[in-house]
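Q: got a predicted model here, sequence first, then my questions.
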Amino acid sequence: MMVDLSAFSDQNFDPKKWIVGAVSQRHPQDPLDNYLVDLEMKLQMASEEIATSLEEQSAAAILRIPRASRDVLRLRDDALSLRSSIASILLFIKQAEGTSAESVATLSKVDTVKRRMEAAYETLQDAAGLTQLSSTVEDVFASGDLPRAAETLANMRHCLTAVGEVAEFANIRKQLEVLEDRLDSMVQNLLIDALSNRKVTVAQEMRGILVRIGRLKSLENYYTRVHLKYVNKLWDEFDSSKQSSKPASEKNEVGEVSGTSVLQSSTPVLPFSRWLSNFYDQLLLYLEQEWKWCMLAFPEDHKTLVPTLLIEVMSVITPNFASRVNLATGDVVPETKALAKGILDILSGDLPKGVRIETKHLTALIELHNITTTFSRNIQHLFADSELQVFLNTLKAIYLPYATFKQRYAKIEHGVLSGGLLGLDLRGFSSRIIGVQGVELSEAVRRMEESIPQVILLLEAAVDRCISFTGGSEANELLAVLDDVTLQYISTLEANLKSLRSVFGVDNKGVDSLGSKRETGSERKEEASHPRKTDFMSSEEEWSFVQGALQILMVANCLNSRLSVFEASLRSTLARLSTDLSLYASSIDQYKHHGNKDDVIVDLSAAGKASISTASLHLIDASEKSRKFYSLLEQSKDPRFHALPLASQRVAAFEDAVNDLVYDVLILKVRQHLYDLSRQPIWSSVDEPSAFPLPSFSAYPQSYVTNVGEYLLTLPQQLEPLAEGVASSPTNAEEAQFFATEWMFKVAEGATGLYIEQLRGIQKITDRGAEQLAVDIEYLSNVLSALSMPTPPVLSTFHTCFSTPADHVKDLVKSHSDNQLDLPTANLVCKMRGVRLD
């Protein structure tokens with residue numbers, strides 16, 4: 001049996017728990033008493049062993065204490081001795097420092113004087129050498145040893161720098177400038193010949209000479225001059241091909257043509273777009289060859305020389321390039337092609353009035369720009385190792401011919417979209433619709449509804465063109481154009497809506513250019529009292545007009561929903577632009593902050609250069625435009641942002657105008673039947689006396705109220721197509737049902753209001769008239785109940801007071817708190833029936 005003593009060292013040791021645990025480990029066949037006796041004996045033996053060990057270790061520790069005390073005393077004495085030694089050393093150092101400080105200061109002054117004397121000696125040597133070089137430089141030039149001449153001029157420059165602005169050497173400074181120009185001109189011919197004939201060794205030698213005299217810029221000038229001729233020749237081939245394609249009569253206007261000759265044209269010239277693609281291919285091949293040769297001949301300068309050549313090429317051909325692009329945009333449309341004019345000429349207003357910008361013009365411009373973009377991507381790959389500033393300048397030079405077009409892009413796009421609106425089938429709508437029948441009216445409204453997706457497609461195409469042509473840099477201007485064009489379209493719809501009011505017979509309330517204002521309660525009361533008398537039309541024509549009005553409601557609903565979706569897509573486009581340009585913008589900001597440091601350039605080469613787009617190139621030097629652009633991108637992140645703010649407001653006004661028109665059309669029949677109701681003679685009629693007893697009959701509802709009731713009861717069927725049009729998906733079914741119910745309740749409430757106003761206009765009513773009116777009111781109340789509408793308290797009061805005999809009305813009114821009458825209405829009925837309440 002093993003005894004575990006480790007538990008005794010635990011602070012939370014529990015003897016009872018330990019004993020229970022030890023007993024649980026015994027074998028079941030062992031007697032408990034014997035086990036406990038053995039356990040006690042083992043614990044006693046263990047305690048004796050521990051006591052013996054403690055006694056031995058304590059004795060040993062007591063013996064070591066005197067020895068440790070002696071060691072501590074010895075270490076203390078050594079520490080005191082070391083402190084004393086260090087103190088003496090520090091004192092010695094301070095004394096030495098005090099005595100040597102003056103000596104050190106004197107030596108420093110002597111060293112300064114020595115260095116000044118050495119500098120003066122070197123300057124005198126440079127001055128002597130400058131005089132000697134000035135006297136022998138002509139001999140060096142006469143020898144024709146250009147490297148030696150470059151070295152001599154470099155030494156003269158160094159000597160002049162050393163002596164500074166000394167009046168005695170002013171003539172030598174001027175002489176040096178003349179000699180450097182002279183050497184530069186001597187190198188020119190040799191360098192041009194080496195560049196033209198691919199002489200690597202000679203080119204490197206001439207470069208070394210130019211570098212030695214500080215004229216490395218001349219290398220760029222000569223290199224550009226040599227290769228610019230070839231590129232200009234490539235560029236001029238387009239004009240040459242056009243000239244060769246002209247008839248002989250045009251090429252020899254002054255000369256005589258033989259009678260046997262036939263006027264023929266040579267092979268037709270290629271369109272500029274195809275020719276430009278071929279030109280870019282040849283130019284790219286030429287630049288690739290130059291890049292490889294310059295890597296061999298000028299390994300230190302090839303990253304600058306070839307891009308500088310392309311920059312110079314583009315600066316030379318840009319005016320003619322822009323002119324060719326302009327003419328190429330005009331060639332796609334017969335009218336402008338015949339006039340030999342382009343898109344810029346149309347904007348200037350110099351062409352006949354009927355000529356306008358078409359989509360084909362802008363599409364041709366974008367096609368040419370895309371060809372240039374392809375070339376730019378190839379150049380980005382070729383010049384990827386160039387420094388950032390050179391890289392950016394090269395790309396900007398490539399797109400330079402399109403700068404004028406991008407500056408006027410907003411006007412171009414506005415002209416395209418305005419022309420697209422003119423192409424819609426909405427012009428002349430007002431003049432054709434007067435007097436139309438229901439079918440033609442429905443067709444006209446259908447054309448309005450079909451024009452909405454066509455306009456949205458026009459606007460979406462404009463966004464795509466903007467991204468393709470400008471990369472989104474003209475987003476601010478584009479949104480302004482889209483907003484204005486949308487306003488033009490809505491104005492056209494409003495004009496058609498105004499003409500429809502005349503067709504429907506509700507033109508007493510027009511629609512102005514700012515949209516219709518909702519009819520207030522007072523206006524409807526006045527209109528109920530003085531409606532415009534309209535002749536009754538056939539039932540079929542009436543319902544066709546109602547259906548036409550409801551279709552217009554769908555037009556407004558479609559316009560609102562489609563424009564909301566389009567605005568959401570605009571916000572998504574702006575968010576995508578923000579993401580695409582964020583990397584480039586941050587890289588450029590970092591570059592501007594740190595300057596031309598190699599580590600920053602490497603970072604831009606890996607990330608920033610890859611994200612350079614036409615938009616970023618257009619914005620990099622336009623600080624104000626860039627600020628507005630990035631401000632727009634930031635604003636677009638706000639959920640309340642409206643990409644088309646004016647159009648959104650105008651659509652809301654248009655919806656209000658449509659709602660007013662639909663309400664006026666739906667309530668028109670009610671107005672016609674209730675017209676001049678308060679002046680009907682039946683209200684003042686009395687029973688004629690008769691000598692013979694006649695049977696009495698119950699009163700029946702009059703035709704005016706039955707017509708109104710039948711109209712209201714059939715209205716839900718007319719609203720079903722409206723509900724089906726709104727419920728474009730199963731999820732909108734409940735909304736559509738609510739929409740139709742809302743309009744039904746609105747018309748029913750309006751009809752009730754008109755009826756009440758007519759009842760208020762009755763001046764006097766007899767008992768017979770009151771009995772008839774009570775029947776009419778009861779019929780209308782039943783109709784409202786069938787439509788699930790409560791009867792207004794005013795109408796209930798009219799019914800109660802008119803159905804009550806005249807001699808009981810007074811008591812009825814006095815007990816109004818019990819029967820919940822509308823007291824002003826009850827008093828009015830008493831006045832009509834001649835009942836005095838006092």
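A: Perfect, I can see it now.

Q: quick one: furthest residue from the center of the chain?
A: Note on the chain: the largest separation between a C-alpha and the mean C-alpha position, by CA atoms, centre = their mean, falls on Asn34 (94.4 Å).

Q: quick one: which helix or strand includes that residue?
A: According to DSSP states H and E, Asn34 maps onto helix 32-143.

Q: other SSEs contacting that helix?
A: Counting contacts by 3 or more CB pairs under 8 Å, 6 or more residues apart in numbering; DSSP states H and E, helix 32-143 packs against helix 15-24, helix 146-163, helix 170-196. Any C-beta I mention is one placed from the backbone N, CA and C, and that applies to glycine too.

Q: for the ones you listed, which has the smallest mean pLDDT value?
A: Of all the helices and strands packed on helix 32-143, the minimum mean pLDDT falls on helix 146-163 (a mean of 68).

Q: endpoints of stretch 15-31, how far apart?
A: Using CA to CA, to the nearest Å, the end-to-end distance of stretch 15-31 comes to 21 Å.

Q: residues of that stretch that come out buried?
A: Buried residues in stretch 15-31, counted by 16 or more other CB atoms under 10 Å: 22, 26.

Q: and stretch 222-239, by the same measure?
A: 222-224, 226-227, 231, 235, 238.

Q: restricted to helices, list these.
A: In helices, defined here by DSSP state H, the members of these are 222-224, 226-227, 231, 235, 238.

Q: distance to Val306 and pLDDT added to those, as CSV?
A: Below are these laid out as CSV (distance: CB to CB, whole Å; pLDDT from 0 to 100):
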residue, distance to Val306, pLDDT
Tyr222, 14, 88
Tyr223, 9, 89
Thr224, 10, 90
Val226, 13, 89
His227, 9, 90
Val231, 12, 91
Trp235, 18, 91
Phe238, 24, 81
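
Q: list just the nearest of the residues you listed to Thr766.
A: Looking at those and their distance to Thr766, the nearest is Phe238, at 99.4 Å (CB to CB).

Q: I figured the closest one hits Trp275, correct?
A: Yes: at 5.4 Å, Phe238 counts as touching Trp275 under the criterion of CB atoms under 8 Å.

Q: any stretches of the stretch 451-600 of the chain with poor pLDDT?
A: Scanning the stretch 451-600 of the chain for pLDDT under 70 picks out 508-542, 583-600.

Q: try it again at 50.
A: 509-536, 592-600 (pLDDT under 50).

Q: can you give me the helices in it?
A: 475-504, 521-529, 539-594, 598-603 (DSSP state H, counting those that start in this stretch).

Q: and the pLDDT at the residue nearest to Gly471 when sequence neighbours are not counted?
A: Nearest residue to Gly471, sequence neighbours excluded (CB to CB, 6 or more residues apart in numbering): Ala615, at 3.1 Å. Here the pLDDT value assigned to Ala615 is 78.

Q: next: the one 4 residues further on.
A: At Leu619, the predicted lDDT confidence score is 81.

Q: work out for me the element the spatially closest residue to it that is not a sequence neighbour sits within.
A: Computed as CB to CB, 6+ apart, the closest residue to Leu619 that is not its neighbour in sequence is Ser626, at 4.2 Å. In the assignment (DSSP H and E), Ser626 maps to helix 623-635.

Q: got the buried residues for that helix?
A: 626, 629-630, 632-633.

Q: which pLDDT value belongs to the residue farthest from the centre of the chain?
A: Asn34 is given a pLDDT of 83.

Q: distance of it from Glu40?
A: Per CB to CB, to the nearest Å, Asn34 is found 11 Å from Glu40.

Q: look up phi and psi at Val506.
A: phi -120, psi 30 (degrees, to the nearest 10).

Q: now do the nearest residue to it once chain neighbours are set aside: how many residues are near it, please.
A: Spatial nearest neighbour of Val506, excluding adjacent residues (CB to CB, 6+ apart): Asp664 at 3.9 Å. By other CB atoms under 10 Å, the residues close to Asp664 number 22.

Q: now do the SS call for Asp664.
A: helix (DSSP: H, G, I helix; E, B strand; the rest coil).

Q: using PDB, write out every CA atom in the helix holding Ser626.
A: This file holds the C-alpha atoms of helix 623-635, laid out as PDB (Å, rounded to 0.1, in the frame of the first residue of the first chain):
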ATOM      1  CA  SER A 623      -8.300  70.600 -59.400                       C
ATOM      2  CA  GLU A 624     -11.700  72.400 -59.200                       C
ATOM      3  CA  LYS A 625     -13.400  69.800 -61.500                       C
ATOM      4  CA  SER A 626     -11.800  67.000 -59.500                       C
ATOM      5  CA  ARG A 627     -13.000  68.500 -56.200                       C
ATOM      6  CA  LYS A 628     -16.600  68.700 -57.600                       C
ATOM      7  CA  PHE A 629     -16.400  65.200 -59.000                       C
ATOM      8  CA  TYR A 630     -15.200  63.500 -55.800                       C
ATOM      9  CA  SER A 631     -17.700  65.600 -53.800                       C
ATOM     10  CA  LEU A 632     -20.500  64.100 -56.000                       C
ATOM     11  CA  LEU A 633     -19.200  60.600 -55.400                       C
ATOM     12  CA  GLU A 634     -19.200  61.300 -51.600                       C
ATOM     13  CA  GLN A 635     -22.800  62.800 -51.700                       C
END
